[in-house]
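Chemist: Could you work out the structure for the sequence below:
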Amino acid sequence: MKILAVETSTSVLSLAVADGSKILAEHQSMSHKTMSDTIISKIEKLLSKAKVALSDIDGFAVGLGPGSFTSLRVGLSTVKALALVAAKPIVGVSSLDAIAAGIKQDGDICVLTDAKRSMVYASFYETENSALTIRHGYQLGTVEEFLPHLESGMILAGDGVSVFKEEIDAFLKKNKLKVTLADEKFFQPKAKALVQLSFERFNEKKFDHPAKITPLYLYPEDCQIARK
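Modeler: I've put the predicted structure just below:
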């Protein structure tokens with residue numbers, strides 16, 4: 001099964017083409033121009049690099065955010081158009097899940113990404129034998145609202161870790177907690193992680209309806225904080 005994955009929840013455009021679990025080619029680049037002006041040409045170059053035609057693609061995986069409203073719309077509308085042309089299914093994946101899935105280490109994970117306006121998107125996971133389970137997912141709030149959920153031994157990932165490093169460090173020191181800060185390469189969601197997370201759903205034919213799939217908007221439409 002050949003999958004084309006598109007992740008546009010941040011200013012970084014991430015693309016990947018895979019045959020099963022094997023990544024044939026991938027691309028990451030900052031969007032110096034309007035993403036809608038460049039995404040198709042980037043996809044065409046990626047397919048050419050992978051020596052795969054659009055007609056060879058069996059399914060499309062797309063990052064649903066949360067993240068930049070404009071970029072998410074560009075990514076999803078592009079995937080919908082390509083899926084329509086190729087008459088192939090779509091699977092949508094949370095971009096926060098993609099960040100967590102990129103960490104190949106068992107344990108508890110907290111993903112914090114910058115939501116602007118002094119807010120963060122947050123999600124909490126646990127991994128065992130490479131299986132990712134969501135504990136508390138897809139939340140929006142101030143970083144101070146999520147700090148009490150941190151535990152010793154937890155892995156912190158996402159660009160919110162650097163944006164709010166001062167607040168996080170102060171909380172950890174005050175509460176004598178020891179956590180692992182993920183490398184900066186885990187700050188952004190990668191398209192190749194979408195392949196990993198969508199593969200089982202493709203095999204089970206659990207697709208998203210092209211007319212109903214939407215970006216994961218938490219802000220400002222849905223601003224509720226899930227609590228323990």
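
Chemist: Every contact and neighbour count from this point should use C-alpha atoms.
Modeler: Will do.

Chemist: what residue ranges in the protein are flagged as low confidence?
Modeler: Counting by pLDDT under 70, the ranges of the chain that qualify are 31-33, 219-228.

Chemist: Domains in it, by residue range?
Modeler: Structural domains assigned to the chain are 2-95+188-203, 103-186, following automatic domain parsing.

Chemist: which ones are touching the closest residue to residue 159 other than its chain neighbours?
Modeler: Closest residue to residue 159 apart from its sequence neighbours, by Cα to Cα, 6 or more residues apart in numbering: residue 187 at 4.6 Å. Residue 187 makes contact with 99, 113, 157, 158, 159, 160 under the criterion Cα atoms under 8 Å, 6 or more residues apart in numbering.

Chemist: Closest to the centroid, which residue in this structure?
Modeler: Residue closest to the mean C-alpha point of the chain, counted by Cα atoms, centre = their mean, is residue 95 at 1.9 Å.

Chemist: residue with max distance from the center of the protein?
Modeler: What lies farthest from the middle of the chain is residue 174; by Cα atoms, centre = their mean that is 31.1 Å.

Chemist: name the element that residue belongs to?
Modeler: Taking DSSP states H and E as the criterion, residue 174 maps to helix 165-175.

Chemist: Only the buried residues of that helix, if you could.
Modeler: Within helix 165-175, the residues that count as buried by 16 or more other Cα atoms under 10 Å are 168, 171, 172.

Chemist: Same question for stretch 48-67.
Modeler: For stretch 48-67, by 16+ other Cα under 10 Å, it's 50, 52, 54, 57-67.

Chemist: Reformat those as CSV; add distance to residue 23 and secondary structure.
Modeler: Below are the buried residues of stretch 48-67 laid out as CSV (distance: Cα to Cα, whole Å; DSSP: H, G, I helix; E, B strand; the rest coil):
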residue, distance to residue 23, secondary structure
50, 9, helix
52, 12, coil
54, 16, helix
57, 13, coil
58, 14, coil
59, 14, strand
60, 14, strand
61, 13, strand
62, 16, strand
63, 17, strand
64, 21, coil
65, 22, coil
66, 25, coil
67, 25, coil
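
Chemist: which of those lies closest to residue 39?
Modeler: Lowest distance from residue 39 to the buried residues of stretch 48-67 (Cα to Cα) belongs to residue 62, with 13.2 Å.

Chemist: How much space separates the residue nearest to residue 53 when sequence neighbours are not counted from residue 15?
Modeler: In space, and not counting its chain neighbours, residue 53 is closest to residue 47: 6.3 Å by Cα to Cα, 6+ apart. Residue 47 sits 10 Å away from residue 15, going by Cα to Cα, to the nearest Å.
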